[in-house]
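Novice: what follows is a predicted protein model with its sequence.
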Amino acid sequence: GRNPLSPTSRRRPRADHRSGPPLPFHLPLGYGVAMVAQPQSATQLPPRDPVYPESDGKPMADNTKQFDAIVLIKTNIDDRVPDFVAGDHFWYPVEGRPDIVVAPDVFVAIGRPKGPRRSYRQWVEGGVAPQVVFEVLSPSNTLREMMDKAAFYLQYGVEEFYLYDPDNETAWGHVRDESG
């Protein structure tokens, strides 16, 4: 099959988000559900919330190869779906627990409208967890770190989790089924 991360995939898709090459992930069951009211204006960020920071001060990527892969995955998906897609964006799944936070390299929140956000606070988003998450490996990632992230994603409702290694051009994924 066609590699969605190949340079030939960089062409802009046609206007219909369902046309063109297949997406590099399965759309989970929630796709196509009615949209919940948007949390803020489509063009303005809400005020800063000191309880839920939007940055940890860490760089998005360790190197240009990892950065390019993150941007390419995010852009390719964002151009093809009507839903919220973010890269290196804090996701807070539990209200009142700012210590429970992660910043996936790329995530898709199906059924949530596009638009700016300082962070993705799940309770503000109608309780919708990101359904699809991508992590792009870097030389500094450890197996323990990736296992912890996978466990976090499964615990908080992610339906699909993908790891991509840009150095080896390999990918691994987990799609949740009835058994988890």
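Specialist: That came in fine, so what should we check first?

Novice: extract the C-alpha set from stretch 124-132 and format it as CSV.
Specialist: Listed next in CSV are the C-alpha coordinates belonging to stretch 124-132 (Å, rounded to 0.1, in the frame of the first residue of the first chain):
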residue,chain,number,x,y,z
VAL,A,124,-15.0,21.5,27.8
GLU,A,125,-15.1,19.3,24.6
GLY,A,126,-18.3,17.5,25.6
GLY,A,127,-16.4,14.7,27.3
VAL,A,128,-14.9,13.7,24.0
ALA,A,129,-11.4,12.1,24.3
PRO,A,130,-9.1,12.2,21.3
GLN,A,131,-9.8,9.0,19.5
VAL,A,132,-6.6,8.7,17.4
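
Novice: in that stretch, what's buried?
Specialist: 124, 125, 128, 129, 130, 131, 132 (16 or more other CB atoms under 10 Å). In this view, the C-beta of every residue, glycine as well, is placed from N, C-alpha and C.

Novice: what's the farthest-apart pair in the residues you listed?
Specialist: In those, two members sit farther apart than any others by CB to CB. They are 124 and 132, at 19.5 Å.

Novice: am I right that residue 146 is in contact with residue 135?
Specialist: Yes. If you go by CB atoms under 8 Å, residue 146 and residue 135 touch, sitting 6.8 Å apart.

Novice: what about these two, which has more around it?
Specialist: The neighbour count for residue 146 versus residue 135, taken as other CB atoms under 10 Å, is higher for residue 135 (24 against 15).

Novice: contact partners for the more buried one?
Specialist: Residue 135 makes contacts with 104, 105, 141, 146, 149, 161, 162, 163, 164, as judged by CB atoms under 8 Å, 6 or more residues apart in numbering.

Novice: and if we set it to 7 Å?
Specialist: For residue 135, the contact set (CB atoms under 7 Å, 6 or more residues apart in numbering) comprises 104, 105, 146, 149, 163.

Novice: out of those, which are buried?
Specialist: So, by 16+ other CB under 10 Å, the buried ones in the contacts of residue 135 are 104, 105, 149, 163.

Novice: can you check my assumption that the first one lies in a strand?
Specialist: This means residue 104. No. Judged by DSSP: H, G, I helix; E, B strand; the rest coil, residue 104 forms no part of a strand; its state is coil.
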